[in-house]
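Enquirer: Below are the sequence and a predicted model for it; my questions follow.
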Amino acid sequence: MPQLAIDATCLPQYDKLDRPTRERLLAATRKFRELPLDALLAHPDLRIRPLTAGQDPRIRTFRISDTWTGVMLAPESGETFLLVHLLPRDSAEQWAGDQRHDVNTVMGTLERRDAAALGRAVGGGDEPARPLRAAEATAPAPVGVAVGRAGTVAAPQPPRTGAALFEHVSDRDLRRLGIDSEILEFCRTLSTAEELSDWEPALPQDQYEVLSQLAEGHPVERVLREVVEPRRPAVGAVAADDYDTAIRNTRERVIVVNDDQEIEDVLAGEFNAWRIYLHPKQRDLAYRPRFNGPAKVSGGPGTGKTVVALHRVKFLAEHLPLGGRVLLTSFTNALVESLKRNLALLLPPELIEDVDVITADKLAMNVVKEEQPDVSFWSDNDVRGLLANIAQRHGLPWSAEFLFQEYRHVVMAHGITTVDGYLDPDARRGRSAALDRAERRDVWHAIADARVRMRRNRRLPSLELHAEAARILDERPEKPYTNVVIDEAQDLHPTQWRTLRAAAAPGVNDLFIAGDNRQRIYDNTVSFKRLGIRIVGRSYPLRVNYRTTGEILAWAGEILRGQQVSELGESVPEPAGSTRSVLRGSPPELRGARDLAEELDALAERVRRWLAGGIAPGDVCVTTRTQRLRNAVVRELADRGVPAAVFQANRDTVTDASPAVRVTTMHSVKGLEFRAIAVFGATAEALPNMEHVTGAEVDERQHEADLAAQRSLLYVACTRARESLYVSWHGAPSPFLPRMAAEAAVGREAARR
Ligand SMILES: Nc1ncnc2c1ncn2[C@@H]1O[C@H](COP(=O)(O)OP(=O)(O)OP(=O)(O)O)[C@@H](O)[C@H]1O
């Protein structure tokens with residue numbers, strides 16, 4: 001019986017189909033499993049046809065509806081059909097005619113190339129060959145998913161200019177890395193990394209990855225180890241004509257569904273692609289049997305860190321010793337809820353029972369309550385109030401905020417418990433406000449007094465709970481967890497790290513840490529070394545973005561331009577490297593308005609266009625800097641006839657079928673994603689919001705750190721968008737907005753008036 005596999009790069013196209021077309025596509029896939037091959041090929045509705053002219057004799061098109069066509073690969077070697085694209089009827093033949101699929105015999109994978117464009121480039125032809133991206137600039141926007149690259153904060157270094165891009169790599173090495181003759185000839189014509197990236201949509205996917213790694217300056221052996229070897233089948237090789245095996249071995253892109261129901265689930269989006277296919281690097285990290293200590297996965301937004309963390313939990317849960325438990329933790333309740341939901345999709349219930357998914361704060365509270373059942377939670381503002389009180393009583397000259405910052409960033413961050421510890425010259429390293437010895441004593445006594453009172457009253461803020469929890473866990477010979485997996489690690493305070501470190505015995509597979517310092521929106525800086533978390537040699541970057549289009553990612557990267565991004569848990573800068581996006585689309589839309597009313601009108605109009613374009617209301621999210629503005633936007637959108645509702649990440653889930661556009665704060669969209677994001681109110685007063693920035697007079701460095709956190713907040717909000725990003729403001733735009741673009745938008749706006 002024939003079988004249909006799905007090339008997952010076509011899944012985002014499915015989002016663009018209207019409901020009747022989706023149903024027709026599902027009906028078509030059903031025929032693939034119900035009908036014998038002869039009947040299928042002759043089916044009058046499906047109209048499976050070879051191309052009249054084209055690069056690949058194995059490509060067939062089939063009819064989904066009057067306006068939509070499916071493109072598939074029908075290898076002669078078996079009955080596995082591979083659905084490769086969904087396209088409007090009038091562009092399907094053209095696209096399909098240009099493509100060719102080949103088995104990469106070195107990696108054992110199936111790759112697709114734009115054979116027509118490459119043929120023109122290497123074989124000559126009447127038309128001069130143009131890089132694909134240049135061609136796209138004049139052609140209508142591509143309908144499908146193409147593969148693209150986006151710059152990150154640190155723009156990729158062009159390895160060499162003037163010379164041939166790959167002159168440092170021999171033909172023999174290129175062949176060992178799976179580069180075939182046509183691509184070998186082609187890559188010898190390139191001289192810059194930018195040219196290579198322009199050609200990406202035309203190049204076979206795995207070979208492009210090899211070439212881009214080489215272009216970044218990685219040595220051949222490393223590329224072999226990191227790109228080629230993980231793709232190879234576990235046993236044997238794949239012959240050039242064995243398409244069936246190659247399809248099955250292309251786990252990164254191809255979903256081969258064995259169960260009938262699964263195809264429908266995949267297409268209906270209930271079976272998220274990430275559950276099935278991981279990039280070989282993601283798979284290697286998630287399923288590696290043994291890390292000899294803490295391991296760290298970093299990478300820009302949307303690179304699948306959470307996905308890897310979830311798969312790691314699966315691996316660890318499957319290999320637990322008797323009585324063992326896994327902790328999966330993230331920064332907020334909302335993120336934990338989202339992890340729980342996704343874990344339930346990935347793990348069978350019997351394995352879920354062995355996993356706790358809770359925040360670090362909840363863990364600390366649970367541990368402390370075992371010894372002090374009457375302890376209750378205090379907010380940071382309560383602590384500020386107490387410090388203000390103490391300062392006033394003792395006539396101290398410092399503000400409550402200053403004392404709180406000393407408490408948080410010095411005393412608690414370094415785990416200082418004695419006056420001598422605080423007087424140590426190293427203790428306040430990094431603080432810019434100077435204190436002489438006598439002043440330090442006064443500050444210490446104020447903080448110590450507050451801590452004694454909090455403990456006496458059994459009211460503990462998060463920082464104290466963690467200090468207690470870490471102490472209790474350190475004293476226990478038996479740790480509560482065998483393995484700890486930490487997501488969104490960039491925002492944790494050192495006290496939280498101490499609890500997590502103490503929750504599992506040091507050793508093999510003890511901590512698995514995922515995070516991205518670009519997205520740090522709280523002011524915590526952490527040194528793993530000081531916390532006894534030894535990562536050396538077990539730090540792995542991810543570099544493929546699966547969420548956001550290259551256009552949006554590149555623009556958002558500009559928000560952080562010039563900002564020093566340090567490596568997670570280290571004070572050294574993050575190593576340079578580029579992130580490429582799997583998706584492509586339109587650039588972000590920027591809109592400066594004269595006043596709030598005009599900004600709201602423009603937002604309503606933008607949202608209406610998204611909805612009219614087929615994006616479901618629940619896939620649209622408007623973000624604001626404050627809760628007050630969030631509530632106002634909900635009301636104002638409703639007044640303008642756009643259904644909108646407050647979205648609270650810890651109460652609502654993104655999978656709820658919502659008939660309303662979701663409106664939430666920038667802090668609440670951390671870790672989430674939507675097809676369309678509007679960042680509303682990106683004004684100079686809101687970003688940065690100086691109410692949440694330590695005054696430079698309190699501490700210069702803290703002031704800078706707080707500003708950086710607010711900048712990251714805008715970056716986080718913008719990188720939640722999958723397809724469309726819209727940023728608006730009225731009056732002066734936020735200085736964090738990429739300058740050129742913001743000015744251009746304002747200029748355009750002025751010209752329109
Ligand atoms: N190998 C993959 N194939 C397809 N989709 C993937 C893959 N890995 C991740 N994704 C998808 O990419 C999106 C981003 O993944 P994820 O949330 O894990 O990234 P992240 O690095 O944790 O992002 P952020 O740091 O921005 O929160 C999700 O929609 C996820 O399902």
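Expert: That came in fine, so what should we check first?
Enquirer: Mind checking what secondary structure the closest residue in space to L600 that isn't next to it in sequence has?
Expert: Closest residue to L600 apart from its sequence neighbours, by Cβ to Cβ, 6 or more residues apart in numbering: E636 at 4.7 Å. (Each C-beta comes from the backbone N, C-alpha and C, glycine too.) Recorded secondary structure, E636: helix (DSSP: H, G, I helix; E, B strand; the rest coil).
Enquirer: near the ligand, which residues of this protein?
Expert: Counting by Cβ under 6 Å from any ligand atom, the positions of the chain adjacent to the ligand are 272-274, 277-279, 282, 299, 301-307, 516, 519, 546-547, 671, 673, 719.
Enquirer: Leaving out sequence neighbours, find the closest residue to Q496.
Expert: The shortest distance from Q496 to any non-neighbouring residue, by Cβ to Cβ, 6+ apart, is to A360 (4.3 Å).
Enquirer: still on that earlier bit, and for the residue nearest to L600, the neighbour number?
Expert: E636 has 20 neighbours, counted by other Cβ atoms under 10 Å.
Enquirer: now the one 4 residues further on
Expert: Here the neighbour count serves as a burial measure; for R640 (other Cβ under 10 Å) it reads 15.
Enquirer: ok, now the one 3 residues further on?
Expert: Other residues within reach of P643 by the criterion other Cβ under 10 Å amount to 14.
Enquirer: ok, it to S65 distance?
Expert: Using Cβ to Cβ, to the nearest Å, we find P643 at a distance of 29 Å from S65.
Enquirer: And V297, by the same measure?
Expert: For V297 relative to S65 (Cβ to Cβ), the value is 42 Å.
Enquirer: The residue nearest to Q496: how many residues sit nearby?
Expert: 28.
Enquirer: For it, list the residues it contacts.
Expert: Going by Cβ atoms under 8 Å, 6 or more residues apart in numbering, A360 touches T329, F331, H466, L492, Q496, T499, L500.
Enquirer: Next, the first one: phi, psi?
Expert: Comment: the main-chain dihedrals of T329 come out as phi -130, psi 150, following degrees, to the nearest 10.
Enquirer: and it, what does it touch?
Expert: V336, V357, I358, T359, A360, L363, V484, V485, I486, D487, L500.
Enquirer: next one: L110
Expert: With contact set as Cβ under 8 Å, 6+ apart, L110 has these partners: L73, L82, H101, D102, V103, N104, Y243, A246, I247, N249, T250, V254.
Enquirer: same thing but 6 Å
Expert: H101, A246, I247, T250 (Cβ atoms under 6 Å, 6 or more residues apart in numbering).
Enquirer: on contacts alone, who are the packing partners of the host helix or strand of the third one?
Expert: For I247, the host element (DSSP states H and E) is helix 243-249. Applying 3 or more Cβ pairs under 6 Å, 6 or more residues apart in numbering; DSSP states H and E, one finds that helix 243-249 contacts strand 80-88, strand 109-114.
Enquirer: Just give the strands next to the longest one in its sheet, each with its orientation.
Expert: When pairs are called by DSSP bridges, strand 80-88 turns out to pair with strand 3-7 (parallel), strand 68-73 (antiparallel).
Enquirer: In this structure, which residue is most central in space?
Expert: By Cα atoms, centre = their mean, the mean C-alpha position of the chain lies nearest to G302, the distance being 1.7 Å.
Enquirer: Can you tell me the SS state at the nearest residue to that residue once chain neighbours are set aside?
Expert: Nearest non-adjacent residue to G302, counting by Cβ to Cβ, 6+ apart: R547, 3.1 Å away. Put simply, R547 is strand when judged by three-state DSSP.
Enquirer: Show the pLDDT at R547.
Expert: For R547, the pLDDT comes out at 87.
Enquirer: Run through the stretch 1-150 of the chain and note the low-pLDDT ranges.
Expert: Scanning the stretch 1-150 of the chain for pLDDT under 70 picks out the ranges 1, 77-78, 124-150.
Enquirer: Going along the chain, name the helices of it.
Expert: In the stretch 1-150 of the chain, the segments counted as helices under DSSP state H, counting those that start in this stretch are 11-14, 19-34, 37-41, 89-98, 115-123, 132-138.
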